[in-house]
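Student: Have a look at this prediction, sequence included:
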Number of protein chains: 2
Amino acid sequence: MCELLGLNANTPTDICFSFTGLVQRGGRTGPHKDGWGISMYEGRGSRSFHDPRPSVASEVADLIQKHAIKSNIIISHIRQANRGRVCLENTHPFDRELWGCSWVFAHNGQLKGIKKWPLEFYKPIGTTDSEYAFCWMMDQIRREFTEPPGRPQALWRFIKGLADQISELGIFSFLLSDSKYLYAHCSNNMCWITRRHPFGVAKLIDTGDTIDFRDHTTEEDVVTVITSKELTSDETWNVMEKGEFQVFRNGEPINFRT
Amino acid sequence: MCELLGLNANTPTDICFSFTGLVQRGGRTGPHKDGWGISMYEGRGSRSFHDPRPSVASEVADLIQKHAIKSNIIISHIRQANRGRVCLENTHPFDRELWGCSWVFAHNGQLKGIKKWPLEFYKPIGTTDSEYAFCWMMDQIRREFTEPPGRPQALWRFIKGLADQISELGIFSFLLSDSKYLYAHCSNNMCWITRRHPFGVAKLIDTGDTIDFRDHTTEEDVVTVITSKELTSDETWNVMEKGEFQVFRNGEPINFRT
């Protein structure tokens, strides 16, 4: 089991507060000590930090917490290895390029037999089920859409279909982004919250730290945070159901018919 | 004009000393203030740090200098933008996956007309000539070799041929790695040095700092550093010639017939 953390916002936003809670689970309040990673989009590019060491002991994690790098889309992951040894190339998030966009993926779960599925274009660098599944999805998307579809709903439905297929092999909770949208799929343990005006106060479960979002936001800001387990104790999180797929854009969940 | 820095060693080695010299050129002793990046291999994976801000003012560059992350192959770049605006997706090094290996590339120069060349598999995320040329090379390598060739010389000659073709468009000094070998091509401003037992003392031109490599090495260590301009004043660097292509492995230059 691993832990996922995602952010989608309508204005570049830092993830310091949520990330501070998450890293505690990487060796202190949680057992996810087998590395961590974070990818933050800036335009079409993404900037990633990976460390195969526990996040609570990582100077790079420390840097992320102290220096507020702002982004509209962020995907982070802390790992408790089950398949694939602890090393840099097995550290999520993974990324690949398609249509000149950076795609980023992080996964929680195990997928029995995924490695028998044929790969064509994208090959895994490490040995995790997760990166293999990501490569398989990217292969299918590349074959179906030679360029970004005019109506993005076609792409969203296609990704949901791929998630359904892979889910038959086990637990497939993931965060994925193509640099425009943030996608979340739940097998288990996924929840999200959208914060907007009027902002309030929240308390981190893992550290007891509190934040007053009014000090850090404007009335226009809309920010969604998605995670494996609620990070704050005094807010109401939307718990995702098994098989649920959600698309986020500009900080908001998008309703569409799958 | 930009500045390149590469390292290839037979044992994981940190680049702190050389990198400290390089970052001075990113806004202090040199004009290369339009971002910087570094990629460090660990096994088949690579870990990258990118920052579109000047390296002298970057907290991430500060972290790299203080915490000695060790690697057998390192590629770094500081940018003085000529084509392509200053932003994250235009910040070198660039990376793509081929054969389940992470390929990393950084370039110094301008290539007039490269964007008219057709691309098939790999597409640039940013707008630089450099990333475009990298994508074109990766396309050709992918088409020529569906898997890593049994005799690597065939690949080396092929890459040299691609470098020759692209060089007709302008300045094409680059560092490239496929995770096994480090490749250097010179149009202008490329030099390298191989350090081995008995190690001595060296002084950084850009800061005046000195280092005694005997304090940081064993008798078995072999380390090559490749850069645009000599970093130390009291060592003899090998200056590469126009059109020269060099392959490095385990800290040593490899002689082969192109």
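Tutor: Thanks, I have it. Residues are numbered from 1 along each chain as shown, chains lettered A, B, ... in the order given.

Student: Now the terminal residues of stretch A:102-117, how far apart.
Tutor: 24 Å (C-alpha to C-alpha, to the nearest Å).

Student: Check stretch A:44-61 too.
Tutor: 23 Å.

Student: Ok, stretch A:224-242 next?
Tutor: 20 Å.

Student: Can you mark which positions in that stretch are buried?
Tutor: Residues of stretch A:224-242 classed as buried by neighbour count (16 or more other C-beta atoms under 10 Å in any protein chain shown): A:224-232, A:237, A:240. Using the backbone N, CA and C atoms, a C-beta is placed for each residue, glycine as well.

Student: How about the residues of the stretch 1-150 of chain A by chain B?
Tutor: A:42-52, A:59-60, A:63, A:66-67, A:87-91, A:96-102, A:121-126 (C-beta under 8 Å from any C-beta of the partner chain).

Student: Give me the subset of the residues you listed lying in helices.
Tutor: A:59-60, A:63, A:66 (DSSP state H).

Student: Pull up the distance across stretch A:118-128, start to finish.
Tutor: Taking C-alpha to C-alpha as the criterion, the two ends of stretch A:118-128 lie 15 Å apart.

Student: Show me how far that stretch is from its chain's centre.
Tutor: Computed by C-alpha atoms, centre = their mean, to the nearest Å, the chain-centroid distance of stretch A:118-128 equals 20 Å.

Student: what pLDDT, on average, does it get?
Tutor: Average pLDDT, stretch A:118-128: 96.

Student: show me what contacts A:Lys242?
Tutor: A:186-188 (C-beta atoms under 8 Å, 6 or more residues apart in numbering or on different chains).

Student: so which of these is the most crowded?
Tutor: A:Cys186 (25 neighbours; other C-beta atoms under 10 Å in any protein chain shown).

Student: before we move on, back to that, for the residues of the stretch 1-150 of chain A next to chain B, I'd like a selection string for PyMOL - just the buried members, please.
Tutor: Selection of buried members from those for PyMOL, criterion 16+ other C-beta under 10 Å:
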select buried, chain A and resi 42+43+44+45+46+47+48+49+50+51+52+60+63+87+88+89+90+91+96+97+98+99+100+101+102+122+123+124+125+126
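
Student: Excluding chain neighbours, what is closest to A:Gly251?
Tutor: Nearest residue to A:Gly251, sequence neighbours excluded (C-beta to C-beta, 6 or more residues apart in numbering or on different chains): A:Val222, at 3.5 Å.

Student: Next one: that neighbour, what pLDDT does it get?
Tutor: At A:Val222, pLDDT is 97.

Student: For it, grab the count of nearby residues.
Tutor: Neighbour tally, A:Val222, other C-beta under 10 Å: 17.

Student: what's the closest of the ones in helices among the residues of the stretch 1-150 of chain A next to chain B to B:Phe158?
Tutor: If you rank those by distance to B:Phe158 using C-beta to C-beta, A:Val60 comes first, at 36.4 Å.

Student: just the strands in the stretch 51-200 of chain A please.
Tutor: Assigned by DSSP state E, counting those that start in this stretch, the strands in the stretch 51-200 of chain A fall at A:71-78, A:94-98, A:101-108, A:173-177, A:182-185, A:191-196.

Student: mind putting those in a markdown table, mean pLDDT included?
Tutor: Below are the strands of the stretch 51-200 of chain A laid out as a markdown table (pLDDT from 0 to 100):
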| stretch | mean pLDDT |
| --- | --- |
| strand A:71-78 | 94 |
| strand A:94-98 | 96 |
| strand A:101-108 | 96 |
| strand A:173-177 | 98 |
| strand A:182-185 | 98 |
| strand A:191-196 | 96 |
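
Student: out of these, nearest to B:Met137?
Tutor: Per C-beta to C-beta, nearest to B:Met137 of the strands of the stretch 51-200 of chain A: strand A:94-98, 14.5 Å.

Student: Report the helix or strand with the lowest average pLDDT across chain A.
Tutor: helix A:59-66 (a mean of 80; mean pLDDT, DSSP states H and E).

Student: Now do that one: everything it contacts.
Tutor: A:15-16, A:19-20, A:23, A:26, A:36, A:38, A:49, A:51, A:55, B:59-60, B:63, B:66-67.

Student: and of those residues, the nearest to B:Lys180?
Tutor: Distances from B:Lys180 to those, taken by C-beta to C-beta, are shortest for A:Asp51, at 23.3 Å.

Student: phi, psi of the closest residue to that closest one other than its chain neighbours?
Tutor: Leaving aside its sequence neighbours, A:Asp51 sits nearest to A:Ser58 (C-beta to C-beta, 6+ apart; 4.7 Å). Main-chain dihedrals, A:Ser58, degrees, to the nearest 10: phi -100, psi 120.

Student: Wait, A:Ser58 touches A:Trp36, no?
Tutor: Yes: contact criterion C-beta atoms under 8 Å: A:Ser58 and A:Trp36 qualify, at 6.8 Å.

Student: Those two: who's more crowded?
Tutor: Between A:Ser58 and A:Trp36, counting by other C-beta under 10 Å, A:Trp36 is the more crowded of the two (33 against 20).

Student: Might you report the residue contacts of that one?
Tutor: A:Trp36 neighbours (C-beta under 8 Å, 6+ apart): A:23, A:26, A:50-51, A:54-55, A:58, A:61, A:76-79, A:91.

Student: Tell me how many other residues surround A:Ala106.
Tutor: The burial count for A:Ala106: 29, using other C-beta under 10 Å.

Student: roughly how far apart are it and chain B?
Tutor: 15 Å (C-beta to the nearest C-beta, to the nearest Å).

Student: what about the strands of the stretch 51-200 of chain A, which gets the closest to B:Ile159?
Tutor: Using C-beta to C-beta, the strands of the stretch 51-200 of chain A put strand A:94-98 closest to B:Ile159, at 20.2 Å.
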